Structures are given as C-alpha cells and as structure tokens.
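Chemist: Pasting the sequence and the predicted model now:
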Amino acid sequence: MHWPIDLIVLTFVIFCAIAAISVKDLLSTAILFSAYSFLMCLLWTVMGAVDVAFTEASVGAGVSTVFFVAAIFRTSRRTKD
Amino acid sequence: MKLLAFIVVSLTGALLLYGTAEFPDWGDPNSPASLHVSNYYIEKTYEETHAPNFVTAVVTDYRGFDTMFETAVIFCAGLGCFLLLRDFREKKEYFYRHIPTGVILHVKDGKKKITTGKEFEYMDKDWVPQDLINRTACRILIPFIQIYAMYVVAHGDYSPGGGFQGGVIFGSSLILLAISYDLQTLVERIREKLLGILAATGVLIYAGIAAICMPMGGNFLDYGKLAPLLPAGSHVRALGMLGVEIGVGIAVMAIMVIIYINIVSVGRHDEGL
Amino acid sequence: MSDLLSLIIAKYNYWLYVILMMIGLYAMIAKNNLIKKIVGMNIFQTAIILFYVSIGYKTNATIPIIKSADTGHGMVVRAADYINPLTSCLMLTAIVVSVATFGFAMALTVRIYRRYQTLEEDELRMRLSE
C-alpha cells in the first residue's frame, strides 16, 4: 500500500474530526461527521479490510447521519460552544 | 475545566504512545496477531465451509456465537428506543388541505376525522410543498435499492457484504420513502406491529438454526450436522451461513426503521422530516 | 536523538491513531453540549477500530477473499498471501455495537430535550438542582 495515500487521507481525517467538534452549528457537525466516516471507509479499503469498509459506508455515511439530522430536527440546532 | 481536560488528555496520549513503542511494524506478516489461529482460518476455510469470503465465514460460522449476541444487542437498542420514546396519547388537532382550492382546514376536535382521498389531503404542522421531481426520482429508485440489498445479503459468502450490510441498506430504502414523501406514507404501509414481529423473527431465525443443530447430534451452532435436512450434494455449512445471514438482515432492517420513526416523530408517529 | 527520530518515522501511523483517539476523548470530557459528547464518543470508537484493523495488514498481501486459482483440488493456500481476516471480523461486531449505541444515545437526547428544553450541560445541572 502506498504510504502517501495513507498519510494524506489520515491528515484529512484529523482535520474533519477537529472541525466536527469545534463548529457551533449542529447541522455542520452532522455533515462533517458524515465526511469523517466516509474518509475512514476509504482508509479501510486501502488497507484491504473490505468488509469493514462496506459496513462503515452503509452505517456511518448512511443511517448514522440520518439519525443525527432527525435528532437535531427535534431539538435545537445551535450550541453555546 | 478545559485546561484540566487538555492536561489529562495529553498525559493519556503520552502513555499510549510510550506503549506503542514495542508494537509490531507496519505490515509485518509475523506479528503476533497474524500467527496461531488466523493462519488456520485462512488455510482451512475453503475446504471446510466452501465459502470464498474468509471474513463472512469466520463471523457467521467459526465465531457465530458472537454474531448471535450482536444481533441481540441491535434488537435491545431498538427495543430501548421504543420504550423510551413511544407516546400513545391521541393527537388533539389535525390539519387537512383541500386539493382543488388549496384551502387549509384546522380541525380542533380529535374525534372528528375527514376521510382523505382525492379531495382532502392530510398535512403536517410544518408542511412544505413536496417537490414533484424529488418524489418521482425516489419512487423509481426505491425498488432498485431493495433489490441491491437482497443481492448483498445473498452474496455474503462470495464478495464483501453479508447480512448486516444488506439489512442496513434495505432499512435505508424505507427511510428514503419516509423522507421523500412523508412519515404517514411509511407508517400506513408498514405498521409498527409488523416491524416488531420482523425484528423478533430475525433473531429467532438465527437462534433457531443454531438450536436445530442440537437434536441432529451436534453442538449448538454446528452447521455440519444439518445435512439430513438439506438436498443431497449441497455444501451444508455454506447454506447454514446463508440462513443465519438472512435472519440478521431481517432483524437489522426492522430495527433501523423503528429507531428512525421513533426519533423523528418523538414517539408520536404522526409527522417527521 | 537520531534514534528517537528514526523511531518516530518508523511508527508514525500509531502516532496519528493516538492523536485521533485523544481528540475523541477530549470532546467527551470538555465539551458542553450533549450531542458533541456523543460525536466525540463515536470518533473514539472509530479510531480504535482503525487501530485494530491496521494491525492485520500484511505487505504484498491481497484482500481476504480466496483467489480462483487456489480453489482447485490439491491447491495449497498460503497464509502470507492474504491479510488477516480475524481483526476485520472482530471489528465488524464493534461497528454494529457503535451504531446501536449511537441510535440509543440520540433517543435519550431527544427525551432530555423534551423534559428540560436545553441540551447544555451546565444549564441542565442548574435545572436538575432546582
């Protein structure tokens, strides 16, 4: 496996994780969290664990984001910090 | 508080990094995790179970006990959401829209209901006009997504996939129906009672196939002893794995829809996203 | 010093995994909003799964699905040709448990909001002590 792919995707993953917990709007957190999950799926595909990548793609970038947005719809969208 | 948290987190990180100094290098075939049992799984899986995908064979056959309790965990999560949020109180006011003229009726008495049909349509409290393109595109896509989900479950032995992934995709197609139309469309087509029965049936199929092996003379989850029940000449363990995956898929599909409906309508099952 | 540097470069992937885990842990401890804490928990879980799956990688090995050239009679399957399937299998269960926990945590959050009309931890503490 080519190490530049690994390094670049891991850097993006860390950026997404830091951004997801720092923004003040919860809908942005949901979208950034979905992007984080999709990048993790890419990492696992590159490492060869295709079953784990398939599961994370369907669960993290699919159903988990829908639950998150549904919960924000019924509670508030802004946070204080 | 944040400074204290930062110090604690840095100390924990430093301890973990000190611990990884003796971990195996990247990609080492002789690391301890890749010796012992894992070599046995790679070399003997195809001869014993005739399933090309090692991961599905290990998950549903060699370590099938874990997967049975994982299905039970998903079932408990859905059950917990239902028990926390479900609200059986009757709605007090309804909104109806007269389709030819666009007039909106606000019926305040909970007992009087107007039959919906060609003239009157039921409306959510925060109603937005549904887009025709959105509705038509989703209506065409949903059967294909469901066929893909069944394909993923059936080919779990041969390609990446399996019961859990197919179940989640099937559940997502039903959630797509609820988002593109409205929640009442989904709730009228697939009742809550049917979803509960499906979830329990999925777990029962798994435990049932595992338990049938015992009267046939084997241990719990010993699929090799199911040979008298299946047609002659078939690969018994691969068929046992397929049956078990179908159980997992049905259970997961029902639970994903139950959790979504209960979160988005806060238990009242009337209106949603 | 060069010894330490060569150690860092040899194991740089573990450094990145530990940094990701610590981001998740920090979000669970220090953030005020309940939903941010849940996001931090999920970041922690996926970072641990990433760590585990990376241990099972072998260089010059392929994905754990048997090649058709190895399925004839008398063919010997060499273990060094395929990556370790055991770590993937254990982490599949971990992902399922993580999604179940996430759904249940969202249900709890919605219920808390319905009762107390807020999701911030300090306001909740004030309203609980009244």
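Modeler: Arrived safely. Numbers count the residues shown, from 1 in each chain, chains lettered A, B, ... in the order given.

Chemist: Break down the chain into its helices, ranges please.
Modeler: With no chain named, the answer covers chain A. Ranges of helices in chain A, per DSSP state H, are A:3-22, A:26-47, A:50-58, A:65-74.

Chemist: Chain B, not that one
Modeler: Under DSSP H, chain B gives helices at B:2-19, B:37-49, B:54-57, B:64-85, B:132-154, B:163-180, B:183-189, B:192-212, B:236-264.

Chemist: Pick out the residue in the stretch 101-250 of chain B sitting closest to chain A.
Modeler: B:P160 (4.1 Å; Cβ to the nearest Cβ). C-beta: built from backbone N, CA, C; applies to glycine.

Chemist: dump the residue contacts of that residue.
Modeler: Shown in contact with B:P160 (Cβ atoms under 8 Å, 6 or more residues apart in numbering or on different chains): A:V50, A:D51, A:A53, A:F54, B:N53, B:V55, C:I63, C:I65.

Chemist: thought B:T71 was touching B:A200?
Modeler: No: judged on Cβ atoms under 8 Å, B:T71 makes no contact with B:A200 at a distance of 10.9 Å.

Chemist: pretty sure A:F73 contacts B:V264?
Modeler: Yes: counting by Cβ under 8 Å, B:V264 is a contact partner of A:F73 at 6.7 Å.

Chemist: count of residues packed around residue 8?
Modeler: No chain in the question, so chain A it is. Residue neighbour count, defined by other Cβ atoms under 10 Å in any protein chain shown, stands at 10 for A:I8.

Chemist: nope, chain C please
Modeler: 12.

Chemist: Which secondary structure element is home to it?
Modeler: Assessed by DSSP states H and E, C:I8 sits inside helix C:2-10.

Chemist: Contacts only, for B:E245.
Modeler: B:T56, B:T60, B:V153, B:G156, B:G162, B:G163, B:G166.

Chemist: excluding its backbone neighbours, what's nearest it?
Modeler: B:G163 (3.3 Å; Cβ to Cβ, 6 or more residues apart in numbering or on different chains).

Chemist: And the pLDDT for the one you found?
Modeler: Looking at B:G163, its pLDDT reads 89.

Chemist: residues in contact with the closest residue in space to A:G60 that isn't next to it in sequence?
Modeler: The shortest distance from A:G60 to any non-neighbouring residue, by Cβ to Cβ, 6+ apart, is to A:S37 (3.0 Å). By Cβ under 8 Å, 6+ apart, A:S37 lies in contact with A:E56, A:A57, A:G60, A:A61, A:S64, A:T65, C:T46.

Chemist: Can you lay out those as TSV showing pLDDT and neighbour count?
Modeler: What follows is the contacts of A:S37, written out as TSV (pLDDT from 0 to 100; neighbours: other Cβ atoms under 10 Å in any protein chain shown):
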residue	pLDDT	neighbour count
A:E56	94	30
A:A57	93	20
A:G60	91	24
A:A61	85	18
A:S64	94	23
A:T65	95	18
C:T46	95	27
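
Chemist: Just flag the most distant two among those.
Modeler: A:T65 and C:T46 (13.8 Å; Cβ to Cβ).

Chemist: Most tightly packed of the helices of chain B?
Modeler: Compared across the helices of chain B, helix B:54-57 shows the largest average neighbour count, a mean of 29 (mean count of other Cβ atoms under 10 Å in any protein chain shown).

Chemist: for that one, what is the average pLDDT?
Modeler: Averaged over helix B:54-57, pLDDT sits at 90.

Chemist: One more: stretch A:35-55?
Modeler: For stretch A:35-55, mean pLDDT rounds to 92.

Chemist: how much space between A:L10 and chain B?
Modeler: Distance of A:L10 to chain B, given as Cβ to the nearest Cβ, to the nearest Å: 13 Å.
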